[in-house]
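[1] Quick one, structure for this:
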Amino acid sequence: MRKLSTKALIWLSGLLLVLTSTTSFAMAKDDDVKVYVEGKLLKYEGQQPIIRNGTTLVPFRATFEALGYKVEWNGAKQKAIGKKEGVEIELTLGSLTAKVNGKAVKLSVAAQTIRGSTMIPLRFVSENSGYTVTPEKVSGSTVIHIGKGASAGQPQGGNGGQSQGGNDGQPEPYVVKGRVVNPQGEPIKGALITIDNQLLYNSNAQAKTDANGRYRIELTKMAATYMAYAEYSVMYEGAKHSVDLTPDDDSPFAGNEGAIRNFTVKLDSSTGTGGSGEVLFYMMDLIHPLDPVAEPPDRDDVTLTLEPVGKMMDGTSGKKIVSKGSRSNNGYGVHNVPVGKYKVSAVYAPPGAEPQQLLIRVVNPGQDDPFHSSVVAGFRSVTAKIQQMELELKLDVVKPPAEDPSKIDWDAIYDLNGNRIDRYEEWNG
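    Prediction:
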C-alpha cells in the first residue's frame, strides 16, 4: 500500500477540521425562546422562534392563529396576511414596511423565510393585535408573555424583545412612549394620549393606554416638534367626568429624538384639570338673629366638615375633610375636594365665643328646601372639568318675641317721642 506523504497528511487533517467545524455550526441550536399567549405555551412544529438583530421572529401561521386571525398567504406577492374583526395585518417577505388596517408601518426586521418557514416579528404582530408583550430571561432562555391590554389596530412598529414604554428604556427616534398611573402608582387603562404636531395645524397622533397603563406612538419621519397631552374620562353617579393628566415633563421634543412622557392623574381643581371640586357656601344671616346691633355671622369663622359617603370618583374611600373656607375666582368655600358624595355639617366659632352648630341646606335653584343640621350632597358639573357643591348656612337659633303678645295693648298708639297717647284723644303734635 502506498504511503501518504507528509503534505497529504497535513492537507487531510485540515479538511477534516473544516468539515467538523461546518457540521458543528449546522447542528448548533437556535435561540431558546418560549412564547406564552395568555398563560398558555404556544407550541411550534418545525422551525422554532429565533432572535435576529434583537427582534424575535416566529412562524407566521401558528402565531396568527393563536392570536385569533384567519390566515392568508399570497404566494405571487410573497405576503402573509392575518384578518380578524377590526384588524388586518399584512407583511411582505423581505420588506421593512408592513400594513395595519391599510396604514404603512416601518419594521426593524423584515418578515423572512428561515429553513422553509415564513417568519414574522412577534412584538409587531402582537401589539397591533391588542396584546402587550413582556419578555424575560429565565435560566438562560427567553420567555415572552403575550397578554391582553393594548389597543388593537393602532399602528405600532416592531422592535423585538424590549419592554414597551414606561420608565424603562431610552427614547427612540420618531417614537413617543410612556405610562399613566393614578396617585397611588396604579396603572390607568384607557387614557387618551394626544401627540400634537407643533408644525402642522390639527395634525395629531393619538393612542389609548393598555391594561398596564402603557402607550407607544409612532411619529411621521418629518422635521417637527411635538407636545404630549393626555386626558382620562370616567363615569361617576351617572355623569361623565373628564380629567386632564399631569405629565412628568411638559417640554416640547423633536420627532427625530423621540421622547418618554409619563402622566399621573392628579385630582386638583385649582389647576383646572378636573377630578376634584369646590364646596362653596353662603351665609343666610345678613344680620345677627339675636341682636341686630351685633356684627352678622362672618363666613371666615365657619368650619365645614365633609365625611365621605361611599366610594369617591377615583375609586377610593376618600378622607374626612375639616376646613375653613377661602376665596377663589369661582367663589368662597373649600377647594380641591375629590369628587364624591359627602355628609356635610358646619360650625360657627367667632374668636372668644363658644362654637355654635349651623343649619345647612343645598342650593337648589327654584326650590326652598328646609335647613338641617347636616346634609348628604354631591357635586354638579359646571363644565366637564369644573365641579361645584353650593350650600347655604344660618345660625341654629330662634329669636324670642319682644314681649308676650297676649299682654300687648293693641289700641294704644305712640307719639314720635315714644310717649303713649289715647288713640281717640286729639293730638296736636
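[2] Every contact and neighbour count from this point should use C-alpha atoms.
    Noted.
[3] Break down the stretch 201-350 of the chain into its strands, ranges please.
    Ranges of strands within the stretch 201-350 of the chain are 204-208, 214-218, 225-236, 239-244, 246-247, 253-254, 259-260, 263-264, 276-283, 302-308, 321-324, 326-328, 331-338, 342-348, based on DSSP state E, counting those that start in this stretch.
[4] and those strands as CSV, adding distance to Val382 and mean neighbour count?
    Formatted as CSV, the strands of the stretch 201-350 of the chain follow (distance: least, C-alpha to C-alpha, whole Å; neighbours: other C-alpha atoms under 10 Å):
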stretch, distance to Val382, mean neighbour count
strand 204-208, 27, 18
strand 214-218, 31, 26
strand 225-236, 15, 18
strand 239-244, 11, 18
strand 246-247, 22, 18
strand 253-254, 34, 17
strand 259-260, 34, 23
strand 263-264, 24, 24
strand 276-283, 10, 22
strand 302-308, 21, 20
strand 321-324, 22, 15
strand 326-328, 15, 13
strand 331-338, 13, 21
strand 342-348, 18, 21
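[5] Serialize those strands to a markdown table and add fields for mean pLDDT and distance to Ser117.
    Converted to a markdown table, the strands of the stretch 201-350 of the chain look like this (pLDDT from 0 to 100; distance: least, C-alpha to C-alpha, whole Å):
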| stretch | mean pLDDT | distance to Ser117 |
| --- | --- | --- |
| strand 204-208 | 92 | 33 |
| strand 214-218 | 92 | 29 |
| strand 225-236 | 88 | 41 |
| strand 239-244 | 80 | 48 |
| strand 246-247 | 82 | 45 |
| strand 253-254 | 92 | 40 |
| strand 259-260 | 91 | 37 |
| strand 263-264 | 87 | 42 |
| strand 276-283 | 92 | 56 |
| strand 302-308 | 96 | 61 |
| strand 321-324 | 95 | 65 |
| strand 326-328 | 92 | 68 |
| strand 331-338 | 92 | 57 |
| strand 342-348 | 96 | 64 |
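[6] Would you check that Arg115 makes contact with Gly46?
    No. Using C-alpha atoms under 8 Å, Arg115 makes no contact with Gly46, being 9.1 Å away.
[7] Nearest to Val375, out of the strands of the stretch 201-350 of the chain?
    Nearest of those to Val375, taken as C-alpha to C-alpha: strand 342-348 at 5.4 Å.
[8] which residues sit against the closest one?
    The contact list for strand 342-348 (C-alpha atoms under 8 Å, 6 or more residues apart in numbering) reads 297, 301-309, 355-360, 373-378, 393, 395.
[9] Tell me which of those residues fall in helices.
    Per DSSP state H, helices hold no members of the contacts of strand 342-348.
[10] Just the buried ones from those?
    For those, a neighbour count by 16 or more other C-alpha atoms under 10 Å gives the buried set as 297, 302-309, 357-360, 374-375, 377-378, 393, 395.
[11] Where does pLDDT dip in the chain?
    Across the chain, the ranges flagged by pLDDT under 70 are 1-30, 139, 149-169, 184, 267-274, 384, 398-429.
[12] Which parts of it are helices?
    Taking DSSP H, the helices of the chain run over residues 6-26, 60-66, 122-127.
[13] Confirm for me that Lys189 is in contact with Ala211.
    Yes. Between Lys189 and Ala211 there is a contact at 4.9 Å, judged by C-alpha under 8 Å.
[14] still on that earlier bit, columns distance to Ser95 on top of the strands of the stretch 201-350 of the chain, output as a markdown table?
    Listed next are these as a markdown table, based on distance: least, C-alpha to C-alpha, whole Å:
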| stretch | distance to Ser95 |
| --- | --- |
| strand 204-208 | 25 |
| strand 214-218 | 18 |
| strand 225-236 | 29 |
| strand 239-244 | 40 |
| strand 246-247 | 37 |
| strand 253-254 | 27 |
| strand 259-260 | 27 |
| strand 263-264 | 35 |
| strand 276-283 | 51 |
| strand 302-308 | 59 |
| strand 321-324 | 61 |
| strand 326-328 | 60 |
| strand 331-338 | 52 |
| strand 342-348 | 60 |
